[in-house]
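[1] 3D, please:
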Amino acid sequence: MNERWDLDRIYTGFDDPAYGTDLEMAKRKLAGFTDFAAKLNDAEPLQTLRKGLALEEKLEELVGKLGLYASLRQSADTRDSEAASQMGRLMAVYSGMAAPQAAFEEWISKLTDLEALIQSDELLREYRFLLGRIVDSSRYLLPGRGEEIMARMQLSGGNAWSDLQGYLTSTVPVSYNGETTNLSTIRNLAYDPDPAVRKAAYDAEIACYDRIKDSVAFALNSIKLETISDCKLRGYESPLARTLKGSRMQKETLDAMLGAMDEYLPKFWQYLKAKGKALGHKNGLPWYDLFAPMGNASTKFTAEEARDYLVKQFTTFDQELADMVARAFDEAWIDFYPRDGKAGGAFCAGAECLNESRILTNFDGMFTDVVTLAHELGHAFHNQCIQNHKPLNKDYSMPVAETASTFNECVVMAAAIQSAASDDERLALIESQLQDAAQIICDIYSRFRFEAMVFENREDMFMDADTLCGFMTQAQKQSYGDGLDHSCMHPYMWVCKSHYYGPTFYNFPYAFGGLFARGLYAQYLAEGEAFVPKYKKLLYTTTVATVEDTAKVADIDLTDKNFWRAALQTIADQIDLFCQLVLQK
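    Coordinates of the predicted model:
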């Protein structure tokens, strides 16, 4: 089985004639789009709408394919200077799209008979939701060449600072046991069964951040100030308001979810204290034991074994999903193992040009790595469910982005727990799932609180590394409560988590996805096979509806706190079972 993903089916290299041809074609299409946008005055509405959408479709396909290849190359090796150079060229094309796109959208927003035009044309009917969003968002567009200027400034602003954080965290040397390793490898040791290894790896990780903390602090301060300025120029009430608008999500939904989470936080603290006590800690769980395995879950998986395991589990839910998982392994969609220069963590990128996806992980053979694969393969299945949409209808918002991935985790974990051969194995599996649940509730809440504090303070002050560490520690205390040992936390989480250096408030969508998926999985258990078509329709709907309307496909009201309470209660029940199993040992 392959160790690295196959990118040759996209391009064989930056010297591939097809890459050069597509890049030149993208530039020509951009020039055509720019010329088109300059002649919108007094244009015939219906044909102009159709032509503009067609131009955008072609640009989206070309630039998406080019950008995918360059970004995947860069993720596989952040020191790939050729990929970095090509990303710079492509970002120039991206930024060049901003002005004509803004002009086209402004023109659309002023059409007084837009609804009648939509009703009269099949293509426009397919783009009804997109056109409605354009009208709604038009008041936030920057006038004149403002969009182009902002996009071009981001090349040497927010995008560059984000690249710096990625480069520093992927290349910082970590001293461990007399040798030098990388951050991804050292963070994977948090799952090691040996407590001495976990503690030593934590100490080594914390120590390495001192080398890069000041540079990353500059990156974070700069990105957040740029975001604040951008929001003010556009007229958004706040960065969070902009995120909610972009997420197609009501504030009432976020408030209902966070309110329910607040109510259930003490239950998560109960789990953390019980785990800490079982591991011999008296004052809560120290950070280095957050991911300590419990019970008998020492089985290591090869990539081949992970494939067979996941295909077997997903076959019990849906054959289409299981077949896609098999393809992902067999047809080299996945880059598996950690190595120097490779980006940390895991992600899935849709390769629409192939009707496939590409997945990056840092697979180390633990069961948690198998669950991570299941998670990313959920994103790939989501991509597959929306592939028949029109090219401009394939953008789903951040909150629903985590639905299919977390649903996959529910399928895998439920099957594994049910088939556990002993209480010891069941304990290991339940604890593994509770680890993940604590991450999407406690840790995500701490990240949300940290980012809110950063935005509250950035306009009036530059936050140095020590200040940021103080904010992070405060946020962790609020979210983890007395479940964590306050003398052993992770003040540098702001350095290593790339989410702070990309979309604003890319944290609460993980809690949303985790709880939304649990609610959906509970419906699946109640409805059986009849739920599967509804689930696929829901995933299909995510790109052409608000979060709230998407949920209505499954008869869910997201502004009702009771929905979120019910999802959280499924975790609370597992915490009770975990505590019982721990007491028996």
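
[2] tell me the contacts of G235?
    139-140 (Cβ atoms under 8 Å, 6 or more residues apart in numbering). All C-beta spots, glycine's among them, are computed from the backbone N, C-alpha and C.

[3] Numbering from 433 from now on, please.
    Sure, I'll start numbering at 433, so the last one becomes G667.

[4] mind listing the strands for the protein?
    Here the chain has its strands, by DSSP state E, at 606-608, 611-613, 766-767, 779-783, 788-792.

[5] Please compute how far the second one lies from its chain's middle.
    What it means is strand 611-613. Strand 611-613 has its C-alpha centroid displaced from the chain centroid by 29 Å (Cα atoms, centre = their mean, to the nearest Å).

[6] mind listing what's buried in that strand?
    Within strand 611-613, the residues scored as buried using 16 or more other Cβ atoms under 10 Å are T613.

[7] Which residues does that strand contact?
    Contacts of strand 611-613 (Cβ under 8 Å, 6+ apart): 605-606.

[8] of all the strands of the chain, which lies closest to E538?
    strand 779-783 (28.9 Å; Cβ to Cβ).

[9] Packed most tightly, which of the strands of the chain would that be?
    Among those, ranked by average contacts under mean count of other Cβ atoms under 10 Å, first place goes to strand 766-767 (a mean of 26).

[10] related to what we said a few turns ago, okay if I get the strands of the chain as TSV plus distance to K826?
    Formatted as TSV, the strands of the chain follow (distance: least, Cβ to Cβ, whole Å):
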stretch	distance to K826
strand 606-608	38
strand 611-613	39
strand 766-767	22
strand 779-783	8
strand 788-792	12
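
[11] how about the ones you listed, which one is nearest T453?
    That would be strand 779-783 among the strands of the chain, by Cβ to Cβ, at 18.5 Å.

[12] surely I862 meets C1011?
    No. Assessed by Cβ atoms under 8 Å, I862 is found out of contact with C1011, at 10.3 Å.

[13] Just want to know which of the two has more residues nearby.
    The neighbour comparison of I862 against C1011 (other Cβ atoms under 10 Å) goes to I862, with 21 against 17.

[14] Skipping its backbone neighbours, what lies nearest A998 in space?
    Using Cβ to Cβ, 6 or more residues apart in numbering and skipping the chain neighbours, the partner closest in space to A998 is G951 (6.5 Å).

[15] do the same with L970
    V985 (4.4 Å).

[16] go on, Q910?
    That would be R881: by Cβ to Cβ, 6+ apart, it lies 5.9 Å from Q910.

[17] give me every residue that touches that neighbour.
    By Cβ under 8 Å, 6+ apart, the contact list for R881 reads 906-907, 910-911.

[18] Out of the residues you listed, which end up buried?
    Neighbour counting with 16+ other Cβ under 10 Å marks 907, 911 as buried within the contacts of R881.

[19] what are the ranges of the helices in the stretch 583-732 of the chain?
    In the stretch 583-732 of the chain, the helices defined using DSSP state H, counting those that start in this stretch lie at 590-603, 615-620, 627-640, 645-666, 671-678, 683-710.

[20] residue contacts, Q597?
    Contacts of Q597 by Cβ under 8 Å, 6+ apart are 648, 651-652, 927, 930, 933.

[21] how near is it to Y933?
    Distance, Q597 to Y933, using Cβ to Cβ, to the nearest Å: 5 Å.

[22] so what sits against both of those two?
    Residues touching both Q597 and Y933 (Cβ under 8 Å, 6+ apart): 651-652.

[23] Could I get the buried residue list for stretch 480-497?
    Quick answer for stretch 480-497 (16+ other Cβ under 10 Å): 480-481, 483-485, 487-497.

[24] wait, which of the residues you listed is closest to A469?
    G484 (7.8 Å).

[25] now the closest one, nearest residue through space, not along the chain?
    F536 (5.0 Å).

[26] now the one you found: how far from L543?
    11 Å.

[27] Look at these two and report which has more neighbours.
    Set F536 next to L543 and count neighbours by other Cβ under 10 Å: F536 wins out with 22 against 17.

[28] Contacts only, for the more buried one.
    F536 touches 465, 468-469, 472, 484, 488, counting by Cβ under 8 Å, 6+ apart.

[29] Read off the pLDDT value for it.
    On pLDDT, F536 comes in at 94.

[30] separation between it and T466?
    F536 is 10 Å from T466, by Cβ to Cβ.

[31] Likewise for A673?
    Noted for A673: a distance of 31 Å to T466, by Cβ to Cβ.

[32] and what of D875?
    Applying Cβ to Cβ to D875 and T466 gives a distance of 44 Å.

[33] out of those two, which sits in the more crowded spot?
    More neighbours surround D875 than the other of D875 and T466, with 22 against 17 (other Cβ under 10 Å).

[34] The more buried one touches S911, doesn't it?
    Yes. Under the criterion of Cβ under 8 Å, D875 makes contact with S911 at 7.1 Å.

[35] can you give me the helices for the stretch 783-932 of the chain?
    Under DSSP H, counting those that start in this stretch, the stretch 783-932 of the chain gives helices at 799-817, 830-833, 835-850, 855-870, 876-890, 897-912, 925-928.

[36] Select, out of those helices, the one closest to E961.
    Taking those one by one with Cβ to Cβ, helix 835-850 is closest: 13.6 Å.

[37] Flag the shaky bits of the stretch 633-782 of the chain, pLDDT-wise.
    Applying pLDDT under 70 to the stretch 633-782 of the chain picks out residues 729-730.

[38] The chain now?
    729-730, 1017.

[39] how is it carved up into domains?
    Following automatic domain parsing, one gets these domains for the chain: 449-579, 594-727+866-933, 735-856+943-1016.

[40] picking that back up, if we compare the helices of the stretch 583-732 of the chain, which one ends up closest to G776?
    Across the helices of the stretch 583-732 of the chain, closest to G776 is helix 615-620 (Cβ to Cβ), at 4.1 Å.

[41] tell me what the closest one is packed against?
    With contacts taken as 3 or more Cβ pairs under 8 Å, 6 or more residues apart in numbering; DSSP states H and E, helix 615-620 sits against helix 590-603, strand 606-608, helix 627-640.

[42] mind checking which of the ones you listed is nearest Y501?
    With Cβ to Cβ as the criterion, Y501 lies closest to helix 590-603 of the helices and strands packed on helix 615-620, at 16.9 Å.

[43] buried stuff in the closest one?
    Buried residues in helix 590-603, counting neighbours by 16+ other Cβ under 10 Å, are found at 590-591, 593-602.

[44] try stretch 876-889
    By neighbour count on 16+ other Cβ under 10 Å, the buried set for stretch 876-889 is 876-887, 889.

[45] Now do the residue nearest to Q910 against L652, distance only.
    15 Å.

[46] gap between the closest residue to N728 other than its chain neighbours and A962?
    Among residues not flanking N728 along the chain, D856 sits closest, at 4.3 Å (Cβ to Cβ, 6+ apart). Noted for D856: a distance of 36 Å to A962, by Cβ to Cβ.
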